[in-house]
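Trainee: generate a structure from the sequence data that follows.
(chains A and B)
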Amino acid sequence: MDSGMRASDELSAAGDSVADSLRLDGNAAAGILSELFVPDLTSARATCAGCGATRAVGELLVYAHGMGTVVRCPSCDTVVLCVTRTVTQLWLDPTGVRRIMMSAAALPA
Amino acid sequence: MNPGLPSPASATLRPTVRPIVWRLATVAEVITETPRARTLVLDIPGWPGHRTGQHVDVRLTAEDGYQAQRSYSIASAPEDAAVTLTVERVDDGEVSPYLTDELRVGDRLELRGPIGGYFVWEFGIGGPLFLVGGGSGVVPLMAMLRHRAAALGTANADARHHVPARLLYSSRSWNDVIYRDELTRMDEADSALEVAFTLTREQPQGWAGFRRRIDRIMLAEVAWPPAERPHLFVCGPTSLVEAVAAALVALGHDPARVKTERFGPTGG
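Mentor: Okay, here's the model as predicted:
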């Protein structure tokens, strides 16, 4: 098994009702993403590398665990972004995002 | 803000772009809203201002260094003198019992914000504004209604009818309704605002409002039809938000106009 997939497999295996109740919006990732990006990333639009769907990051689904924040595509369930905090580092895994588009109005003047 | 839609007021929507830092807030006042919910009135030096719908992250640090962090919506309007948070106690939560039961006037609290630019409404975005809240999910919606009322106070008389608003608010009982008196007063004072309550577990004698969970029939009755192109905001526990968002889309509302904020199972 691909170790990168294990957490999500466990989540699915826990049953839909548990996974469903843990689901949050992209808004919930805004705090940790603000540690990496100065403009608000949840207002930006992201294209999923899995299926090509484009949405505001605030519209994506977030599963927040003790270890990190997993942002998934509502259309195909691909992990679009994953942010993990260790004792000494903050990791961003952007494998699942093809493109991020930020309105010029959201950028520093 | 949806960058895909033209916005006549885009100039007023331009957010201040600066890094979000942790700040020390001081509790200036604690207001009991319901048996389970308290409002914390905060003095936050250097606060840059916020837009309604945004939240803050609150971080508690134990003596041994253990930290717990939760997000809380801002309840106040940008026009208000102080930033307020309304917190509902989650009995087995790590953070909320401290905030609702232990925190006293003069205590300090570590927080960062304002956070989030997606679940945001400003007067310049316009209406109709349709808000659906469950439990403490009413908090960011109340910020929007307070902001709307403040903006109407300085706008011309016509503005009220260009930005009508409706709130559909689900609570367990009448005693669990957060901001009950203020909402009732706002509703009576404003011909372009309608507030509908549904009480799902217990209703006072003679209750004439809804008495069930929010469903498609209720939404069809209370919401504007899709042709009116309302801006829709839904906030509350995940199950409520997903049921309401799905029902609104089934009624024909554009999914891109249905903005949601799920609180998760507890909020903690």
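Trainee: which secondary structure element contains residue B:52?
Mentor: Assigned by DSSP states H and E, residue B:52 belongs to neither a helix nor a strand.
Trainee: which helices and strands does the helix of greatest length in chain B pack with?
Mentor: Counting by DSSP state H, the longest helix found in chain B is helix B:138-154. Counting contacts by 3 or more C-beta pairs under 8 Å, 6 or more residues apart in numbering or on different chains; DSSP states H and E, helix B:138-154 packs against strand B:67-73, strand B:83-88, strand B:129-134, helix B:159-162, strand B:165-171, helix B:180-189, strand B:231-236. Placement of C-beta: from N, CA and C, glycine included.
Trainee: and these, which one is worst for confidence?
Mentor: When the helices and strands packed on helix B:138-154 are compared by mean pLDDT, helix B:159-162 comes last with a mean of 82.
Trainee: return the distance of that one from the chain's centre.
Mentor: Chain-centre distance of helix B:159-162: 21 Å, with C-alpha atoms, centre = their mean, to the nearest Å.
Trainee: now stretch B:108-117
Mentor: Counting by C-alpha atoms, centre = their mean, stretch B:108-117 comes out at 15 Å from the chain centroid.
Trainee: if you count neighbours, what's buried in it?
Mentor: B:109, B:111-117 (16 or more other C-beta atoms under 10 Å in any protein chain shown).
Trainee: and the residues you listed near chain A, which?
Mentor: The subset of the buried residues of stretch B:108-117 within reach of chain A, by C-beta under 8 Å from any C-beta of the partner chain, is B:112, B:115-117.
Trainee: any chance of these in TSV with secondary structure as columns?
Mentor: Putting those into TSV (DSSP: H, G, I helix; E, B strand; the rest coil) gives the following:
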residue	secondary structure
B:112	strand
B:115	strand
B:116	coil
B:117	coil
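Trainee: just give me the neighbour total for residue B:119.
Mentor: 27 (other C-beta atoms under 10 Å in any protein chain shown).
Trainee: re earlier: quick one: which of the helices and strands packed on helix B:138-154 is nearest chain A?
Mentor: strand B:67-73 (6.5 Å; C-beta to the nearest C-beta).
Trainee: quick one: that closest one to chain centroid distance?
Mentor: 16 Å.
Trainee: so what does it touch, helix or strand wise?
Mentor: strand B:55-61, strand B:83-88, helix B:138-154.
Trainee: highest average neighbour count across those?
Mentor: strand B:83-88 (a mean of 24; mean count of other C-beta atoms under 10 Å in any protein chain shown).
Trainee: mind checking if it is in reach of chain A?
Mentor: No. Figure legend: strand B:83-88 not in contact with chain A (C-beta under 8 Å from any C-beta); closest approach 14.5 Å.
Trainee: quick check: mean pLDDT of the helix or strand immediately after that strand in the chain?
Mentor: Sequence-wise, the next helix or strand beyond strand B:83-88 is helix B:96-97, with elements assigned using DSSP H and E. Helix B:96-97 carries an average pLDDT of 92.
Trainee: is helix B:96-97 up against chain A anywhere?
Mentor: No. Using C-beta under 8 Å from any C-beta, helix B:96-97 stays clear of chain A, with a minimum separation of 16.0 Å.
Trainee: where does the stretch 151-268 of chain B have low pLDDT?
Mentor: B:265-268 (pLDDT under 70).
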